[in-house]
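Chemist: predicted model and sequence follow; I will ask about them next.
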Amino acid sequence: MAQNTRIVLDNRPTSEATPGNFKLETVETPSLKDGEVLVRHHYLSLDPYMRGRMNDAKSYAAPQPLGEVMIGGTVGEVVESRHPRFAPGDAVVGMGGWQQYSVVDATQPGALRKVETTHVPLSHYLGAVGMPGVTAWYGLVKIIDPKPGQTVTVSAASGAVGSAVGALAKARGCRVVGIAGGPDKCAYVKDELGFDDCIDYREHKDYLSLAKALKQACPHGIDGHFENVGGMVLDAVMLRTNAFSRIAVCGMIAGYDGQPLPMANPALILVNRMRVEGFIVSEHMEIWPEALTELGQLVGSGRFRPRETVAQGIESAPEAFIGLLKGRNFGKQLVKLV
C-alpha cells in the first residue's frame with residue numbers, strides 16, 4: 001500500500017497558532033473494505049474556520065482531536081475503489097484532511113462527490129465552486145437578498161469567499177464595495193473582479209476613519225454587508241448601514257486568536273432595524289446544488305476568474321495556514337500535493 005504523509009494536531013495554541021502546534025507523520029494506507037475508496041489528493045484547502053477547531057472551546061463544531069489528521073477539504077483522484085459508484089481515475093472532492101491520501105467510506109451520504117473538470121479546473125472545487133463559493137452564495141442570496149441597484153459591501157474581499165460574494169452580487173445588478181488589506185489586493189478586487197470600489201483598511205487607524213471612507217464609496221449607504229472579519233471593520237460598516245439593512249456574519253477572523261471583539265455601537269441594530277444573522281453553510285446542504293450550478297456557470301463562462309495562492313507539498317501546510325490567518329494569501333489558499 002502507498003505511504004501516506006499527513007499532518008496531525010499535536011497540541012493546542014494558547015494564543016496565535018504556530019508551526020509547533022502540528023506534527024508531520026508518515027504511515028501506510030490501510031487495505032480497503034467493501035464500500036471504501038482510496039483517494040490521492042491533488043490539492044488541500046486551507047480555510048480560516050480551521051483555527052477555531054484548534055481550540056478546545058464551545059463552538060458550532062467539535063474541536064479538532066489531538067493526534068488526528070487536521071480537518072480540511074480536498075480534491076483528487078480515485079486510485080482504488082470497492083464501491084460501485086466510483087472507479088479509478090474519477091476526479092472527486094471530499095474532506096480528506098491534511099494528508100496525501102485518504103480512505104473514504106463512500107457509503108456515507110456526501111462523503112465523496114465526483115466532479116467534472118472540462119470547464120472548471122479541479123482546484124476551483126475547493127474555492128469558487130466549492131465550500132467557500134457556496135458560503136458566499138448562501139449569505140448573499142438567503143440572508144442579504146439584495147435587489148438590483150442596492151449597495152453590498154464585503155470584508156476580506158480578495159479572499160475565496162469575499163471574491164465570490166462580489167461576483168454573485170454584481171450578477172444581481174448591485175453596487176459592490178470591497179474591504180481588503182493592501183493596495184495590490186484592492187487593485188485586484190476592482191480591476192480583475194470588477195467591484196465598483198475597494199477600501200484598504202490598512203490605511204485607517206480606527207473605525208471612524210474607515211467609516212468616512214465607506215461614506216465616500218457608498219454615497220447611498222449600505223443595504224447589505226457580508227462579514228468575514230469583525231472588529232473595526234464591522235463597527236465602520238454599521239455606521240453606514242441603511243434602515244432595514246442585512247448583515248450576513250460568516251466569520252470573525254479578527255478574533256480567532258481568542259481576544260474579545262466588542263461592538264462599538266450595538267444600538268444601531270435597533271435604530272436601523274437591522275437583520276444580523278450568523279450562519280454555517282454545512283447546515284444548509286439543501287441549497288448546495290443550486291449554488292454550485294450558478295457558481296460553476298460563472299467560473300466556466302469566464303465571468304468570474306478567482307485567484308489562488310498555492311503552497312507546494314504537504315510539509316508547507318502549517319506555514320501556509322498561518323499566513324492565511326495573517327492575510328498573506330491572495331485569493332483561495334491551497335496546498336498542491338502532487
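Modeler: Arrived safely, thanks for sending.
Chemist: ok, residue 218 touching residue 154?
Modeler: No - contact between residue 218 and residue 154 fails when scored by CB atoms under 8 Å: they sit 12.0 Å apart. C-betas here are computed from N, CA, C, even on glycine.
Chemist: if you count what's nearby, which of the two comes out ahead?
Modeler: It is residue 154, of residue 218 and residue 154, that has more neighbours when counted by other CB atoms under 10 Å, with 35 against 23.
Chemist: packing partners for the stretch of helix or strand that one belongs to?
Modeler: Element membership for residue 154, per DSSP states H and E: strand 151-155. Applying 3 or more CB pairs under 8 Å, 6 or more residues apart in numbering; DSSP states H and E, one finds that strand 151-155 makes contact with helix 160-171, strand 175-180, strand 222-227, helix 232-240.
Chemist: of these, which is nearest residue 317?
Modeler: helix 160-171 (16.3 Å; CB to CB).
Chemist: ok, which stretches of this protein are helices?
Modeler: 49-53, 131-137, 160-171, 183-191, 207-217, 232-240, 267-271, 288-300, 317-325 (DSSP state H).
Chemist: pipe those helices into JSON lines and attach distance to residue 85 per row.
Modeler: Shown next, in JSON lines, are these (distance: least, CB to CB, whole Å):
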{"stretch": "helix 49-53", "distance to residue 85": "29"}
{"stretch": "helix 131-137", "distance to residue 85": "22"}
{"stretch": "helix 160-171", "distance to residue 85": "29"}
{"stretch": "helix 183-191", "distance to residue 85": "39"}
{"stretch": "helix 207-217", "distance to residue 85": "49"}
{"stretch": "helix 232-240", "distance to residue 85": "44"}
{"stretch": "helix 267-271", "distance to residue 85": "47"}
{"stretch": "helix 288-300", "distance to residue 85": "17"}
{"stretch": "helix 317-325", "distance to residue 85": "30"}
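Chemist: those: which one's closest to residue 8?
Modeler: helix 317-325 (11.1 Å).
Chemist: mind listing what's buried along the closest one?
Modeler: Residues of helix 317-325 classed as buried by neighbour count (16 or more other CB atoms under 10 Å): 317, 318, 320, 321, 322, 323, 324, 325.
Chemist: ok, residues contacting it?
Modeler: With contacts defined as CB atoms under 8 Å, 6 or more residues apart in numbering, helix 317-325 is touched by 7, 16-19, 21-22, 44, 46-48, 50-51, 70, 98, 253, 256, 309, 311, 329, 333, 335.
Chemist: what's the burial count for the nearest residue to residue 214 once chain neighbours are set aside?
Modeler: Take residue 214 and drop its neighbours on the chain: the residue closest to it by CB to CB, 6 or more residues apart in numbering is residue 240, 4.6 Å away. Here the number of neighbours of residue 240 (other CB under 10 Å) works out to 24.
Chemist: repeat that for residue 109.
Modeler: Neighbours around residue 109, by other CB under 10 Å: 7.
Chemist: for residue 218, see how far away residue 159 is.
Modeler: 20 Å (CB to CB, to the nearest Å).
Chemist: and what of residue 152?
Modeler: 9 Å.
Chemist: can you list residues touching both of the two?
Modeler: Contacts common to residue 152 and residue 218, judged by CB under 8 Å, 6+ apart, are 175, 177.
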